[in-house]
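Asks: what's the 3D shape of this:
(chains A and B)
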Amino acid sequence: MMHGSAGKEHVPGKPVTVTINGRQCRAEEGETVLSVAIREGIPIPHLCHEESLDPYGACRLCFVEAGKHGKREMVTACTLRAAEGLEVTTDTPAVTKHRAILLELYLAEAPKSEVIKEMAARYGVTKTRFLKKMETDDPLGGKCVLCGLCVRACTEIMGAGAIGFINRGPYTEVNTPFLEPSADCYGCGACVKVCPTHAIVMEDSGSERVMKSWSSTRVPLAQCSGCGRYYAPKDLAARTVAALDPPLEQDLAGLCPACRGNQIAEREILARFGGAGHHG
Amino acid sequence: MRVETEADLKALQAAGLKKLKPDKPRIAVGLATCGAAVGGRKVYDRLREAIARKGAEIDLVQTGCIGYCREEPLVNITLPGKPLVILHKVTEPDADAIVRAVLNGKVPEDKALCRVPAWDHVTGFVMEYGKGFDAIPLYQDVPFFAPQRKVILRNAGFIDPGDIGEYFAVGGYGAAWKALHGMEPEALIAEVEKSGLRGRGGAGFPTGLKWRITRDAPGGTEKYLVCNADEGDPGAYMNRNEMESDPHMLIEGMIIGAFAMGLRYGLIYIRSEYPLAIERLGRAIGQAREYGLLGENIMGTGLSFDIRIARGAGAFVCGESTALVASIEGRTGRPHPRPPRLTDPEGGLFGKPTDLNNVETWCNVPAIVANGSGWYAGIGAKGNTGTKVFSLVGKVDRVGLVEVPLGTPIRTIVFDAGNGGANKKKVKAVQTGGPSGGCIPLRLFDTPVDYESLNKAGSIMGSGGIVVMDEDTDMVDIARYFTGFATGESCGKCVPCREGLKHTLLLINRIQAGKASKKDLATLQEVCETIAATSLCGLGQTAPNPVLTTLAYFREEYEAKVKP
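Replies: Next comes the predicted model:
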């Protein structure tokens, strides 16, 4: 079952005005306050947010104080929906205090992550009082904060479900089932793309893509019949080509995007100038 | 047969009464999990053999549990025309003497705990047993029972939970009949609202209002009604006993709810750790179908409603509503932020509006319908009406299930019913509400047990566990135990709960090892406050309560363990 907003048609909400830190922002009713803030360039820290997925509320960093008519409540901006007259303050004393503790927890959980260090420093947190997680053979290199974006991108956007959460509570980790190479992984790299702390390691080696963080899952790459370069995961390339409408001409199907572009351009030119531009 | 007329119901009641109060002696052994655990099953077997040996005309049955755990195994004896007599601490060798006495028209008085000349089964039927045995104390004079008022455990320990006939005997399904045949759904919901019934799972949300929201949600009859039977607090077992001792009251409550909300699908989400409750519920559901109380055209009214059982796979967090729904749907039991709430158009089970109520909430419903909202609202305190079953455990003299009106002071429960500390030790505190609750010190024992007062004291009502601590209890260790429990049961989705609780536990371990400083105490306090303020679901938001309350009320115990 797909839970993401991917594929759902966007029905624009009623225009409303939301006040963030005293600034009046135009928003669509029902969109999240975090989305509004990002668009308006108002900084609210976040790790588990991704515009193409439903609000998840796991990283707890985007707390703001919000309410109407003076009543205020601490809520996460990623799950707070814009409504007319909503007033939001991003850096209240309570938010600042709790955020600092959360950042300390993040520094202990992902001691190797530069992203976390920079983010924490931005909010004045440079040290953690908590015991740092030390694992020598962590496939995510001490950078994972378990925001869940990789799992959700894999399952909800790609429909692959190659990775998932293992265990629960403080023992939670992300990997393939039974820590075995996954047959479901497309090697699309969506997980790498969405990871906020750059924890996931993916490497192309010859004719294969190796998902190093995911139990060294190996995915065959397609070779361009033109330049010979390995350009994309084989199954994914075939799937993408098969989904094109109108379909790709047969002799273009085996080419990498660069060669395909060149080919199409060349044909276009030939068709237009009858070979006049062709100097061998 | 199917119950289609009021005469059918009356006939079934009369037939059931012949079993409950036969014209020959009846011996009933309390065989809920608690009774079985202390040898009740063997007592039952010996009694059966003794009866067979004598070729005696004695009915031998199993009942649920009346709740006095310390005195188990409990055996009831009913002689025609005599009061029901409860024997306590019955052992295998007692079997012969019991059968002998019964055959002589007597009971072994040295084993007798109390006698019950008459019993109000609350749903419109008072059982008159008889007179005699004046030397045996009356039920209401037994100190453990004296402060109690049985509304929910109205039948527990008296009827055979495996026999729908005995439930009919005590007026069972009469409330469902009254509701389905004599009330409009709207009036029924109003009645539940007026009763003031609040969710017994711990949060105390008004039940009638939840029903109304579900009824008003779009979707016609394509909605779900779910019973939350994922009782998981350490030290809490009232839901287990309610289901094991009287499964039909839960089913009857759900039928009434289905009629009120106008929906057709019911589910009981129950933890697999409760095999006997699952078995008894399964049998009870089967019997209810046989009698036309579940399925199509219930009681001839055209109402269609059925109940299925969904079993949990052993995660505490699945008692949280959104995780519970995920678990039933076959997804990982991880909560998601609310809203959407379960009652919202797409927020519930399989995307349908869903009403979720705790076992005990459902069990109150037939009593409210049978006696009216005014009667119910007269029990307990304003805003906290009705009774609540508490499992009184830990270092208390009389361990057991105590049902009292809401608003009863902690002192009454611990000292009047519980007789204070076990082995004459001094009681120091109680922990209410399980891992989400807090520790309340002796000096606050006049606190009435209601949703708001417990919150004010830093704890919660929770599902109803009361764990007693005495002078020997190390309160830091108590905090460590509950934090360890919550850490292991955290789903791992949000960082304050997953990481914060882990570090809380590490800090407490440091304190216990004598390696912590005053600064660590401050850190402990800070991280707990952040976990409470920022966690995604109720588990994390309440998990620091054991630490925060012990820090507030027993700070000296922490300070004695840290370096300056």
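
Asks: number of nearby residues for A:C256?
Replies: 20 (other C-beta atoms under 10 Å in any protein chain shown). C-betas here are computed from N, CA, C, even on glycine.

Asks: Surely it touches A:G226?
Replies: Yes - counting by C-beta atoms under 8 Å, A:G226 is a contact partner of A:C256 at 6.9 Å.

Asks: Residue numbers of the stretch 151-280 of chain A in contact with chain B?
Replies: Residues of the stretch 151-280 of chain A lying near chain B by C-beta under 8 Å from any C-beta of the partner chain: A:164-165, A:167-172.

Asks: Only whichever of those residues are buried, select them in ChimeraX.
Replies: Per 16 or more other C-beta atoms under 10 Å in any protein chain shown, the buried members of these correspond to this ChimeraX selection:
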select /A:165,168,169,170,172
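
Asks: what's the closest residue to chain B within the stretch 51-200 of chain A in contact with, if anything?
Replies: Nearest residue of the stretch 51-200 of chain A to chain B (C-beta to the nearest C-beta) works out as A:T172 at 3.3 Å. Residues in contact with A:T172 (C-beta atoms under 8 Å, 6 or more residues apart in numbering or on different chains) are A:146, A:165-166, B:492, B:498.

Asks: ok, now with 10 Å
Replies: By C-beta atoms under 10 Å, 6 or more residues apart in numbering or on different chains, the residues touching A:T172 are A:144, A:146, A:148, A:165-166, B:334, B:490-493, B:498.

Asks: quick one: common contacting residues for A:C256 and A:G226?
Replies: With C-beta under 10 Å, 6+ apart as the test, A:C256 and A:G226 both reach A:N262.

Asks: and the closest residue to B:A552 other than its chain neighbours, how many residues sit next to it?
Replies: With sequence-adjacent residues excluded and distances taken as C-beta to C-beta, 6 or more residues apart in numbering or on different chains, B:A552 is closest to B:G458, at 6.3 Å. If you count neighbours by other C-beta under 10 Å, B:G458 ends up with 19.

Asks: do the same with B:V402
Replies: Counted with other C-beta under 10 Å, residues neighbouring B:V402 total 29.

Asks: Before we go further, it is sitting in a strand, right?
Replies: Yes - assigned with DSSP: H, G, I helix; E, B strand; the rest coil, B:V402 falls within a strand.

Asks: list the contacts for it?
Replies: By C-beta under 10 Å, 6+ apart, the residues touching B:V402 are B:67-68, B:144-145, B:147-148, B:153, B:238, B:387-392, B:408, B:412-414, B:416-418, B:464, B:466.

Asks: Can you tell me who it pairs with across the strands?
Replies: Beta bridges link B:V402 to B:F390, judged by DSSP bridges.

Asks: picking up where we left off before, out of the contacts of A:T172, which one has the lowest pLDDT?
Replies: Least confident by pLDDT among these: that is B:R334, with 92.

Asks: Would you mind giving the secondary structure of it?
Replies: Assignment for B:R334 (three-state DSSP): coil.

Asks: From the structure, what's the count of residues near it?
Replies: Counted with other C-beta under 10 Å, the burial measure for B:R334 works out to 25 neighbours.

Asks: go on, the one 5 residues further on?
Replies: A total of 11 residues lie near B:P339 under the criterion other C-beta under 10 Å.

Asks: Kindly report the same for B:P345.
Replies: B:P345: 13 neighbours (other C-beta under 10 Å).

Asks: cool, and B:D141?
Replies: Neighbourhood size, B:D141 [other C-beta under 10 Å]: 11.

Asks: quick one: contacts for the residue nearest the centre of chain A?
Replies: Closest to where the C-alpha atoms of chain A average out (C-alpha atoms, centre = their mean) is A:V194, at 2.0 Å. Counting by C-beta under 10 Å, 6+ apart, A:V194 makes contact with A:48, A:50, A:52-53, A:147-154, A:157, A:200.

Asks: likewise B:P247?
Replies: Shown in contact with B:P247 (C-beta under 10 Å, 6+ apart): B:64, B:161-162, B:164, B:167, B:268, B:277, B:279-285, B:287-288, B:359, B:363.

Asks: Keep only those of these that are in helices.
Replies: If you go by DSSP state H, these have B:164, B:167, B:277, B:279-285, B:287-288, B:359, B:363 in helices.

Asks: can you map out the helices along the stretch 151-300 of chain B?
Replies: Using DSSP state H, counting those that start in this stretch, the helices found in the stretch 151-300 of chain B span residues B:164-169, B:174-182, B:185-195, B:207-216, B:238-245, B:247-261, B:275-290.

Asks: on that earlier part again, make CSV out of the residues of the stretch 151-280 of chain A next to chain B and add secondary structure and distance to B:Y173.
Replies: As requested, those are exported to CSV (DSSP: H, G, I helix; E, B strand; the rest coil; distance: C-beta to C-beta, whole Å):
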residue, secondary structure, distance to B:Y173
A:G164, strand, 46
A:F165, strand, 45
A:N167, coil, 45
A:R168, coil, 41
A:G169, helix, 43
A:P170, helix, 48
A:Y171, helix, 47
A:T172, coil, 46
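
Asks: Out of the residues of the stretch 151-280 of chain A next to chain B, give me the two with the largest separation.
Replies: A:G164 and A:P170 (17.5 Å; C-beta to C-beta).

Asks: re earlier: give me the nearest residue to the residue of the stretch 51-200 of chain A closest to chain B, chain neighbours excluded.
Replies: Distances taken as C-beta to C-beta, 6+ apart place B:G492 nearest to A:T172, at 3.3 Å, with adjacent residues excluded.

Asks: In three-state terms, label that neighbour for me.
Replies: Quick answer, by three-state DSSP: B:G492 is coil.

Asks: go on, B:L9?
Replies: helix.

Asks: any idea how far A:D137 is from the residue in chain B positioned nearest to chain A?
Replies: Proximity of chain B to chain A (C-beta to the nearest C-beta) peaks at B:G492, 3.3 Å away. Per C-beta to C-beta, to the nearest Å, B:G492 is found 20 Å from A:D137.
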